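[1] based on what follows, work out the 3D shape:
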Amino acid sequence: MRRTVGIGCFSEGFNDYGENATTVAVDVIRATTTAVTGITLGRRCFPVATLDDAERLSHELDDPLLVGELGGEMPYGFDITNSPAQLADRSDTERPMILLSTSGTRLITSAPSDVFVACLRNYEAQIRELVQHHPRTVLVGAGTRGEFREEDQLCCAWIGAGLLAAGYEPIDEITTQVIGRWRDAPVDSFVTGKSTEYLRRTKQLRDLDFILGHVNDLQEVFAYSHGEITRVSPP
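    Prediction:
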């Protein structure tokens with residue numbers, strides 16, 4: 001069977017990504033990093049697309065932790081913003097996390113089928129899972145204000161490069177270009193981008209330090225299904 005990989009940026013839908021392809025959602029700064037971090041610490045994670053969804057789910061779960069941002073601002077009544085560093089500082093891991101973000105959780109919850117959730121913390125584990133079980137793959141960056149941000153391009157490119165090395169073929173020229181530009185780039189090559197500038201401007205550089213300090217430190221794979229992100233059992 002011909003094995004293929006595509007890379008794209010999420011906007012409003014998945015019509016351009018083909019049928020029967022496995023989707024991997026990537027939002028390095030910060031939704032997928034926050035989700036993976038919370039689950040690794042023992043916390044359940046329920047991503048939502050809207051504030052109304054978060055409000056509704058908060059009445060169904062037992063003492064949930066509300067985590068997130070919309071337009072860069074933490075919504076009223078939330079406990080912490082969409083911050084992996086702040087989440088890692090907390091000890092109340094028995095509280096399930098409701099996670100909301102401007103673009104990342106919309107990407108996760110809008111996928112047409114079960115979707116993998118990846119970041120720089122587990123990119124090599126994600127490569128292994130895809131190579132073993134998923135011959136058609138699309139790596140989708142969350143996008144911010146319609147832009148495919150540098151950190152998500154880098155993460156998608158690293159995963160994509162691993163798939164090419166395993167015999168996958170790029171589905172289009174955009175995929176080839178993204179992988180070619182970023183496959184050998186150092187991890188800190190995205191720190192001049194707009195996402196990092198936002199963290200700097202809002203005095204949230206602890207999250208950047210956390211992301212740069214936790215690269216490929218997890219050998220686990222995570223997937224969204226039936227409203228929750230969970231660990232995928234190793235093959």
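[2] now for the protein, the helix or strand with the poorest mean pLDDT.
    helix 194-201 (a mean of 89; mean pLDDT, DSSP states H and E).
[3] which helices and strands does it pack with?
    Contact analysis of helix 194-201 by 3 or more C-beta pairs under 8 Å, 6 or more residues apart in numbering; DSSP states H and E lists helix 150-165, helix 205-213 as its packing neighbours. Yep, even glycine has a C-beta here, placed from its N, CA and C like the rest.
[4] may I see the buried residues of the last one?
    Residues of helix 205-213 classed as buried: 207-208, 210-211 (neighbour count, 16 or more other C-beta atoms under 10 Å).
[5] got it, and the longest one?
    If you call a residue buried by 16+ other C-beta under 10 Å, then helix 150-165 has these buried ones: 150-164.
[6] elements contacting it?
    Helix 150-165 packs on strand 4-9, strand 22-26, helix 123-133, strand 136-141, helix 173-182, helix 194-201, going by 3+ C-beta pairs under 8 Å, 6+ apart.
[7] any idea of the angle the third one forms with helix 150-165?
    Spelled out, it's helix 123-133. Between the axes of helix 123-133 and helix 150-165, defined by axes from the mean of the first three to the mean of the last three C-alpha atoms, to 10 degrees, the angle is 40 degrees.
[8] contacting residues around helix 123-133?
    Contacts to helix 123-133, defined as C-beta atoms under 8 Å, 6 or more residues apart in numbering, come from residues 22, 24, 116, 118, 137, 155, 158-159, 162-163, 166, 216, 218-221, 232, 235.
[9] check the last one too.
    With contact meaning C-beta under 8 Å, 6+ apart, helix 194-201 is reached by 28-29, 72, 144, 147, 149-151, 190, 204-205, 207-208.
[10] tell me the least confident of the residues you listed?
    By pLDDT, residue 144 ranks lowest within the contacts of helix 194-201, coming in at 78.
[11] now, among the contacts of helix 194-201, which is nearest to residue 78?
    Compare each of the contacts of helix 194-201 with residue 78 using C-beta to C-beta and the shortest gap goes to residue 72, at 13.1 Å.
[12] enumerate every residue touching the closest one.
    With contacts defined as C-beta under 8 Å, 6+ apart, the neighbours of residue 72 are 102, 198, 202.
[13] buried ones among those?
    Among those, those classed as buried by 16+ other C-beta under 10 Å are residue 102.
[14] what number of residues lie near the residue nearest to residue 228 when sequence neighbours are not counted?
    Nearest residue to residue 228, sequence neighbours excluded (C-beta to C-beta, 6 or more residues apart in numbering): residue 46, at 5.4 Å. Counted with other C-beta atoms under 10 Å, the neighbours of residue 46 add up to 23.
[15] check residue 48 too.
    Residue 48: 23 neighbours (other C-beta under 10 Å).
[16] correct me, but it touches residue 55?
    No - using C-beta atoms under 8 Å as the test, residue 48 is too far from residue 55 to be in contact (9.1 Å).
[17] can you list the low-confidence ranges for this structure?
    The chain contains residues with pLDDT under 70 at 11-19, 234-235.
[18] among the buried residues of helix 150-165, which one sits closest to residue 175?
    Distance to residue 175 across these (C-beta to C-beta) is lowest for residue 160, with 6.6 Å.
[19] roughly how far does the residue lying closest to that closest one once chain neighbours are set aside sit from residue 165?
    The shortest distance from residue 160 to any non-neighbouring residue, by C-beta to C-beta, 6+ apart, is to residue 179 (4.6 Å). Remark: distance between residue 179 and residue 165 (C-beta to C-beta, to the nearest Å) = 11 Å.
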